[in-house]
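In: how does the following fold in three dimensions:
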Amino acid sequence: QVQLVESGGGLVQAGGSLRLSCAASGRTFNRYAMAWFRQVPGKEREFVAAIRWGSGSTYYTDSVKGRFTISRDNAKNTMYLQMNSLKPEDTAVYYCALGQGLFFAVDTQQYDYWGQGTQVTVSS
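Out: As a prediction, the model looks like this:
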């Protein structure tokens, strides 16, 4: 059974940094892409970044390019999201998700497993 557990959220001032972690278990992930999404109350869950577990290739939404970096550690079965130059508009609950294959997808319907989420709050 696939389990995804996020950690690393918190409160940070604008311009600061946080690193989120997603510990994954229950499957060999080399044939899948995994992603980070975020959601604020009253809005749809929004794609942030994705990574192909085997190759390490990545894809980002435009609003985080140059500020966020997605990566993974195969030995630890853990995915990361390094977030730098944080802005108040980055405030959200961040979720990690396991895709249905190797393709990058921005639609939540293309992801079968989700973590419980971790809150990121950026103060101005």
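In: C-alpha only now, for contacts and for neighbours.
Out: Noted.
In: any idea which element the residue most central in space within the chain lies in?
Out: The geometric centre of the chain, computed from its C-alpha atoms, lies nearest to Trp36 (CA atoms, centre = their mean), at 2.1 Å. Taking DSSP states H and E as the criterion, Trp36 maps to strand 33-39.
In: sheet-wise, list the partners of that strand with their directions.
Out: Its sheet considered, strand 33-39 pairs with strand 46-52 (antiparallel), strand 92-99 (antiparallel) by DSSP bridges.
In: for Gln13, which of those is the nearest?
Out: Closest approach to Gln13 among the strands paired with strand 33-39 is made by strand 92-99 (14.1 Å; CA to CA).
In: what is the mean pLDDT for the closest one?
Out: Averaged across strand 92-99, pLDDT comes to 97.
In: please state the offset of that strand from the chain centre?
Out: 5 Å (CA atoms, centre = their mean, to the nearest Å).
In: would you mind measuring from the nearest residue to Arg67 once chain neighbours are set aside to Ser55?
Out: Spatial nearest neighbour of Arg67, chain neighbours left out: Asn84 (5.1 Å); criterion: CA to CA, 6 or more residues apart in numbering. According to CA to CA, to the nearest Å, Asn84 and Ser55 sit 24 Å apart.
In: and the two? which has more neighbours close in?
Out: Taking other CA atoms under 10 Å, Asn84 and Ser55 do not tie; Asn84 has more neighbours (17 against 12).
In: show the contacting residues for that one.
Out: Shown in contact with Asn84 (CA atoms under 8 Å, 6 or more residues apart in numbering): Gly15, Gly16, Ser17, Leu18, Arg67, Phe68.
In: quickly list what the fourth one is bridged to.
Out: In this case it means Leu18. With DSSP bridges as the criterion, Leu18 is bridged to Met83.
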